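Asker: Generate coordinates for the sequence data below:
(one chain, ligands or ions: 2)
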Amino acid sequence: MTAALALSESLPRVAPLPGQTSLARLVGIGKIYGAGENAVTALAEATLDIRAGEVTLIEGPSGSGKTTLISILGLLLTPTTGEVWVEGKNVTGLGERALPGLRARNFGFVFQGFNLFPALTALENVAMAIQMKDPKAKRPKDEAKRLLEIVGLGPRMHHLPADLSGGQKQRVAIARALGGNPPILVGDEPTAALDTKTALSVMELLRELATTAGRAVVVVTHDPRLERFADRVVRVEDGLIQAIDRPADRPASTHAHA
Ligand SMILES: Nc1ncnc2c1ncn2[C@@H]1O[C@H](COP(=O)(O)OP(=O)(O)OP(=O)(O)O)[C@@H](O)[C@H]1O
Ligand SMILES: [Mg+2]
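Answerer: Ligands and ions are numbered 1, 2, ... in the order given. Okay, the predicted model is just below:
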């Protein structure tokens, strides 16, 4: 079964809450690290809407604030100024009691380094993540198997990470991020460790997850070749969103959102 077919059959589409167009929203976000002489302004006045079905790339030079931006979006980091909206609510300033649940319900994370446990098989890695997100999850191994089939790794699910290629490891990490069915997938340079062909196939899978399963995909990258998969490219420089472009071959009219 191809990944695309498996996807459309087995992942429920996500949709924003009734009356909402965004799955998440950043409004006037600023971030200053440190204080006094050591203060570094990493972001200023960043405003961004994250919508179901859209792939958003974040591009910009090293140190421009990309990781800071998606860390604030993913509720991993608190902004100094501005508001973060998730599930139709302003969640800025919510304490550590509320955040883990919100984070787990709304976000799946994929990183450059895969971060798989080397002693666990692909199946065990994904099953463990499902259990960590929701200790009451029913039959986590069955769910893990289903997710690995969706990303095209069914035949390799009993292998250890060391026996998988880079692209296969990243597919395991994507299956893990899909655990608990979060509507928003956030990636920090998820293709940086991969060769071009593998990087494009991983990006194709993320595109498919947005198009077919209505996920919002937000990916930091240095690779302009990934732009062909994106609905929007957010260009960050010196902590400022300089432009939000729509790649020319992906006109707004072919997608649900303006
Ligand atoms: N924990 C921190 N404490 C102090 N300064 C930080 C911290 N994290 C990031 N910075 C600074 O904030 C700015 C933005 O960093 P950020 O990691 O968001 O950049 P980036 O665009 O992701 O860069 P790269 O492409 O190299 O990953 C940089 O000047 C960085 O040095
Ligand atoms: Mg970074």
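Asker: what's around T121, how many residues?
Answerer: By other CB atoms under 10 Å, the residues close to T121 number 21. No exception for glycine: its C-beta is placed from N, CA and C like everyone else's.
Asker: Just give the closest residue to it, not the sequence neighbours.
Answerer: The shortest distance from T121 to any non-neighbouring residue, by CB to CB, 6 or more residues apart in numbering, is to H158 (5.2 Å).
Asker: and if you look at G34?
Answerer: G34 sits nearest to V40 (CB to CB, 6+ apart), 5.8 Å away.
Asker: what's the answer for G179, then?
Answerer: Leaving aside its sequence neighbours, G179 sits nearest to I130 (CB to CB, 6+ apart; 4.0 Å).
Asker: Helices of this structure, start to end?
Answerer: Remark: helices assigned in the chain by DSSP state H are 3-10, 66-73, 99-106, 122-133, 140-150, 166-178, 196-213.
Asker: tell me the most buried of these?
Answerer: Counting by mean count of other CB atoms under 10 Å, helix 166-178 has the highest mean neighbour count of the helices of the chain, with a mean of 25.
Asker: Give the other helices and strands that that helix contacts.
Answerer: strand 107-111, helix 122-133, helix 140-150, strand 184-188, helix 196-213 (3 or more CB pairs under 8 Å, 6 or more residues apart in numbering; DSSP states H and E).
Asker: got the CA coordinates for the longest one in PDB?
Answerer: It stands for helix 196-213. Presented in PDB, the C-alpha positions along helix 196-213 are these (Å, rounded to 0.1, in the frame of the first residue of the first chain):
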ATOM      1  CA  THR A 196      18.500  15.400  -1.600                       C
ATOM      2  CA  LYS A 197      16.400  12.600  -2.900                       C
ATOM      3  CA  THR A 198      15.600  11.400   0.700                       C
ATOM      4  CA  ALA A 199      14.900  14.900   1.800                       C
ATOM      5  CA  LEU A 200      12.400  15.500  -1.000                       C
ATOM      6  CA  SER A 201      10.600  12.200  -0.200                       C
ATOM      7  CA  VAL A 202      10.300  13.100   3.500                       C
ATOM      8  CA  MET A 203       9.000  16.500   2.500                       C
ATOM      9  CA  GLU A 204       6.600  14.900   0.100                       C
ATOM     10  CA  LEU A 205       5.200  12.800   3.000                       C
ATOM     11  CA  LEU A 206       4.800  15.900   5.100                       C
ATOM     12  CA  ARG A 207       3.000  17.600   2.200                       C
ATOM     13  CA  GLU A 208       0.700  14.600   1.900                       C
ATOM     14  CA  LEU A 209      -0.100  14.700   5.600                       C
ATOM     15  CA  ALA A 210      -1.200  18.300   5.100                       C
ATOM     16  CA  THR A 211      -3.200  17.800   1.900                       C
ATOM     17  CA  THR A 212      -4.800  14.400   2.700                       C
ATOM     18  CA  ALA A 213      -5.100  14.500   6.400                       C
END
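Asker: hang on, the earlier thing: show me the contacts for the residue nearest to G179.
Answerer: Neighbouring residues of I130 by CB atoms under 8 Å, 6 or more residues apart in numbering: A137, P140, E143, A144, G179, G180.
Asker: swap in G167?
Answerer: The contact partners of G167, by CB under 8 Å, 6+ apart, come to L194, T198, A199, S201, V202.
Asker: 10 Å - rerun?
Answerer: G167 makes contacts with 152-153, 191, 193-195, 197-202, 205, as judged by CB atoms under 10 Å, 6 or more residues apart in numbering.
Asker: any idea how far T191 is from it?
Answerer: Separation of G167 from T191 (CB to CB, to the nearest Å): 9 Å.
Asker: what sits in contact with each of those two?
Answerer: What both G167 and T191 touch, as defined by CB under 10 Å, 6+ apart, is the set T198, A199, L200, S201, V202.
Asker: Sort out which one of the residues you listed lies nearest S64 for me.
Answerer: A199 (20.9 Å; CB to CB).
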